[in-house]
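Engineer: the following block contains a protein sequence and its predicted model.
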Amino acid sequence: MNLGTQTSDPVIEVTDLKTVFHTQDGTVYAVNGLSFQLQPGELLGVVGESGCGKSVTMMSLLKLLPMPPAEIVSGKVLFQGNDLLHTDEEALRKVRGGQIGFIFQDPMTSLNPVFTIGFQIMEPLREHLGLDNNAARARAIELLELVGIPSAGDRLRDFPHQFSGGMRQRVVIAIALACDPKLLIADEPTTALDVTVQAQILEIVRELRQKLGMAIIWITHDLGVVAGIADRVAVMYGGFIVEYAQVSTLFEAPKHPYTIALLETLPGINKDGEHRLMSISGQAPNLVNKPQSCPFAPRCKYAFDRCLGENPMLELRSNDHKVACWWDVEKNEAIDNG
Amino acid sequence: MLNYTIRRLLFAIPTLLVISFIIFIILDLAPNDPTGNLPLTIPAEVRAQIRESLGLGQPFHIRYLKWLEQFFVNEPLNIFEQWFDVKIGDSANRLRVTSWMSRSPVVDLIVERMPQTLWVVGLSYVVGIIIALPIGVLSAYKQYSWFDQIGTFVSMVGFSVPTFFTGLLLIVIFSVQLGWLPSIYDTTLNVTDWSSFWMQIRQLIMPVMVLALFNAAQLSRFMRASMLDNLNQDYVRTARAKGMSEKVVILVHVLRNSLIPVVTVIALGVPQIFGGAIITEQIFRVNGLGQLLIIGIENADIPLVQTLTFIFAILIVLFNLIADIVYGMLDPRIRYD
């Protein structure tokens, strides 16, 4: 049940990833058997509301979650022929920051406050590429210029608090790109930034993608951002991917009720007469219960008895478009599959 | 930074003057009598004469001003003369702050007793830090592990059991029962060769360990809490995502941040070293500054107690400043200018 249809070797291939958290209130089923793959140079947008398992999924790929309480129950993450979930810590470290770069949500806190920017950029360069101080310094300046930080050479000596939020996120991106990664995972990189800075960061990533050609996984809850930069989109809900499609297909003909509802919540300028902000009624699912039924059923206006008894799996509906739902919203009837 | 330091030092002057005045008032209000420890056969008139000769007949403000002059002018001049071997003015008749009890200058008494206190209390402070920091780091990193649980228990015991109890317990075990270590600290011991050095080490072990346990108990908890505050920070996740080894993540990224408040606490604790450990010094018969203070209080030796207490006050003000400066050096976000 792999996603994506191109024939070239995927950069990363995730199969049946399951992550749980052992908490005092019980086991939280955060990621429930996720599978997807990424082609070289592809940008996959992952959308979903808070707590749907987007970040946990990406952290699981590189085992960056605190374990315990987290536990990766099953799954396979194939990256360059290695299963990252079953490789040793040392090999995993080489991948982290070396071949897979990470950008985090809040640039205010994701840099170490007591070390200079230069030190923090040069760290992975020395670690993964074995550069000496001078070479690492030269590369660090090059990286800062790449992400558009003026007078890069002087700024290496500055500390994070001497940068603005947008500039710090550029530094975080520079760190993520330091070792020419094959894959860049960006976990809500623009959420903590104001709109104009968001646009700048998006522009930088778009440029860098063209220049460096790496695959990108872009986590966000902002559908507008996804529409602007993604090739494919995975919509997540309650620890599942509920819909997966080309970005244009998803926005033109969404098939999952959750995606449809999400798109309706977007404030539009062409919906005349309607000024109220739409919202999806009900609450995000409590992931403490092991999912037996469709997690979206309680909030879904199409829900019928099957949805409460059986959890739909992601199925190919049309070309390159996968949906996990028992209802066909186009024909307005239940799907017929045993 | 320099401006800030100078400003703080200037500001310390009025602070210290106020402190010295308050100390003087409190000691003057104390109901004890410098002749109280003299034999009962001494008649009341003689006692009154003794008090008169100690200067107690003069009004309060005169006595305070005289002490100020002796402490801030005469004593520094005296130290200066001794260091550079010169004579300034009428140095023979210059009045120094003199102990009523022993009739010798208070500063000389302090200089006499300083080495013992620095050896025992200072060493215990250093040992305490050396024990506490790794324990704190490891306890936080392996939170709720058996190591952490034992660490928590030991530091709870170390902190809540008073030093006179642990001191006596060690004496009973290691001096009385096993006979391995001397129970009394011998100040007259001169370290001249290996055997006397070994003797010095042996007599240091118990008092140092008693105090080190107490210091380490406090400090390891502090270190642990500070590490825990930092371990969940986003920058730690960033460091891991960069592919740094756990060793680098913990000992470079997290430790460097966690040490900032801990170093401040350590600096603030240094004046306590000079204050001596009153109880521990009593138990092991270390004739350090703590013991000197106790004897001074018992004998109503006001110049001694006044001077000693005031020196502690100076050290506290000084190390507060040092702690702030160190904080500014460790944390790049803090700038004082």
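Structural biologist: All right, it came through fine.
Engineer: all contacts plus neighbour counts: C-alpha atoms, from now on.
Structural biologist: Fine.
Engineer: enumerate the residues of the stretch 1-150 of chain A near chain B.
Structural biologist: Taking Cα under 8 Å from any Cα of the partner chain, the part of the stretch 1-150 of chain A that reaches chain B is made up of A:64, A:92-98, A:101-102, A:104, A:109-114, A:123-124, A:127.
Engineer: hmm, try it at 6 Å
Structural biologist: Listed as neighbours of chain B in the stretch 1-150 of chain A under the rule Cα under 6 Å from any Cα of the partner chain: A:93, A:96, A:97, A:109, A:110, A:111, A:112, A:114, A:124.
Engineer: quick check on residue A:38: phi, psi?
Structural biologist: phi -130, psi 130 (degrees, to the nearest 10).
Engineer: can you count the residues close to it?
Structural biologist: Using other Cα atoms under 10 Å in any protein chain shown, residue A:38 is surrounded by 23 other residues.
Engineer: report the contact partners of it.
Structural biologist: If you count contacts by Cα atoms under 6 Å, 6 or more residues apart in numbering or on different chains, residue A:38 has them with A:10, A:11, A:12.
Engineer: go with 8 Å
Structural biologist: Under the criterion of Cα atoms under 8 Å, 6 or more residues apart in numbering or on different chains, the contact list for residue A:38 reads A:4, A:10, A:11, A:12, A:13, A:44, A:215.
Engineer: tell me what it is bridged to.
Structural biologist: residue A:12 (DSSP bridges).
Engineer: low pLDDT regions in the chain?
Structural biologist: I'll assume chain A. Where chain A drops to pLDDT under 70, the residues are A:1-8, A:268-278, A:336-338.
Engineer: not what I meant, chain B
Structural biologist: Within chain B, the stretches with pLDDT under 70 are B:91, B:275-276, B:337.
Engineer: and it, which residues reach chain A?
Structural biologist: Counting by Cα under 8 Å from any Cα, the residues of chain B lying close to chain A are B:233-238, B:240-245, B:253, B:256-257, B:330-333.
Engineer: tell me how far the longest helix along chain B lies from the chain's centre.
Structural biologist: Secondary structure of chain B per DSSP state H: the longest helix is helix B:194-231. On the basis of Cα atoms, centre = their mean, to the nearest Å, helix B:194-231 is displaced by 15 Å from the centre of the chain it belongs to.
Engineer: from the contact counts, what lies against it?
Structural biologist: In this structure, helix B:194-231 makes packing contacts with helix B:123-141, helix B:146-160, helix B:163-170, helix B:255-275, helix B:278-283, judged by 3 or more Cα pairs under 8 Å, 6 or more residues apart in numbering or on different chains; DSSP states H and E.
Engineer: name the residues of that helix that come out as buried.
Structural biologist: In terms of neighbour count (16 or more other Cα atoms under 10 Å in any protein chain shown), helix B:194-231 has its buried residues at B:199-200, B:203-228, B:230-231.
Engineer: can you report how many residues neighbour residue A:263?
Structural biologist: Counted with other Cα under 10 Å, the burial measure for residue A:263 works out to 17 neighbours.
Engineer: how much space between it and chain B?
Structural biologist: Relative to chain B, residue A:263 is positioned 31 Å away (Cα to the nearest Cα, to the nearest Å).
Engineer: what's the answer for residue A:194, then?
Structural biologist: Applying Cα to the nearest Cα, one obtains 20 Å for the distance of residue A:194 from chain B.
Engineer: cool, residue A:79 as well?
Structural biologist: Taken as Cα to the nearest Cα, the spacing of residue A:79 relative to chain B amounts to 16 Å.
Engineer: for that residue, give me its contacts.
Structural biologist: Under the criterion of Cα under 8 Å, 6+ apart, the contact list for residue A:79 reads A:11, A:12, A:13.
Engineer: got the contact list for the second one?
Structural biologist: When you say that, I think you mean residue A:12. Contacts of residue A:12 were listed using Cα under 8 Å, 6+ apart, and they are A:37, A:38, A:39, A:77, A:78, A:79, A:80.
Engineer: ok, residue A:214 next?
Structural biologist: So, once contact is read as Cα under 8 Å, 6+ apart, residue A:214 ends up touching A:40, A:41, A:42, A:181, A:182, A:183, A:184.
Engineer: could you rerun that using 7 Å?
Structural biologist: Under the criterion of Cα atoms under 7 Å, 6 or more residues apart in numbering or on different chains, the neighbours of residue A:214 are A:40, A:41, A:181, A:182, A:183, A:184.
Engineer: before we move on, what about residue A:113?
Structural biologist: For residue A:113, the contacting residues are A:159, A:160, A:161, by Cα under 7 Å, 6+ apart.
Engineer: now do the SS call for it.
Structural biologist: For residue A:113, the secondary structure call by DSSP: H, G, I helix; E, B strand; the rest coil comes out as coil.
Engineer: before we move on, what about residue B:86?
Structural biologist: coil.
Engineer: ok, so of the contacts of residue A:113, who is nearest residue B:78?
Structural biologist: Sorting the contacts of residue A:113 by how near they are to residue B:78, with Cα to Cα, puts residue A:159 at the top with 48.7 Å.
Engineer: number of nearby residues for residue A:260?
Structural biologist: Residues lying near residue A:260 (other Cα under 10 Å) number 15.
Engineer: I'd like to know how far it sits from residue A:250.
Structural biologist: Taking Cα to Cα, to the nearest Å as the measure, residue A:260 falls 9 Å from residue A:250.
Engineer: helix, strand, or coil at residue A:149?
Structural biologist: When classified by three-state DSSP, residue A:149 comes out as coil.
Engineer: just give the closest residue to it, not the sequence neighbours.
Structural biologist: Distance criterion Cα to Cα, 6 or more residues apart in numbering or on different chains; nearest residue to residue A:149, sequence neighbours excluded, is residue A:167 at 7.1 Å.
Engineer: need phi/psi at the residue nearest to residue A:262 when sequence neighbours are not counted.
Structural biologist: In space, not counting the residues next to it along the chain, residue A:262 is nearest to residue A:280; the distance is 7.4 Å by Cα to Cα, 6+ apart. According to degrees, to the nearest 10, the main-chain angles of residue A:280 amount to phi -90, psi 120.
Engineer: tell me the spacing between residue A:280 and chain B.
Structural biologist: Separation of residue A:280 from chain B (Cα to the nearest Cα): 31 Å.
Engineer: thinking again about what came up before, tabulate the helices and strands packed on helix B:194-231 (CSV), appending distance to residue B:36 and mean neighbour count.
Structural biologist: Listed next are the helices and strands packed on helix B:194-231 as CSV, based on distance: least, Cα to Cα, whole Å; neighbours: other Cα atoms under 10 Å in any protein chain shown:
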stretch, distance to residue B:36, mean neighbour count
helix B:123-141, 36, 21
helix B:146-160, 36, 16
helix B:163-170, 28, 18
helix B:255-275, 26, 19
helix B:278-283, 22, 20
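Engineer: so which of the residues of the stretch 1-150 of chain A next to chain B wins on neighbours?
Structural biologist: residue A:97 (30 neighbours).
Engineer: can you give me the helices for the stretch 1-150 of chain A?
Structural biologist: Shown for the stretch 1-150 of chain A, the helices assigned by DSSP state H, counting those that start in this stretch span residues A:54-61, A:89-95, A:117-129, A:133-146.
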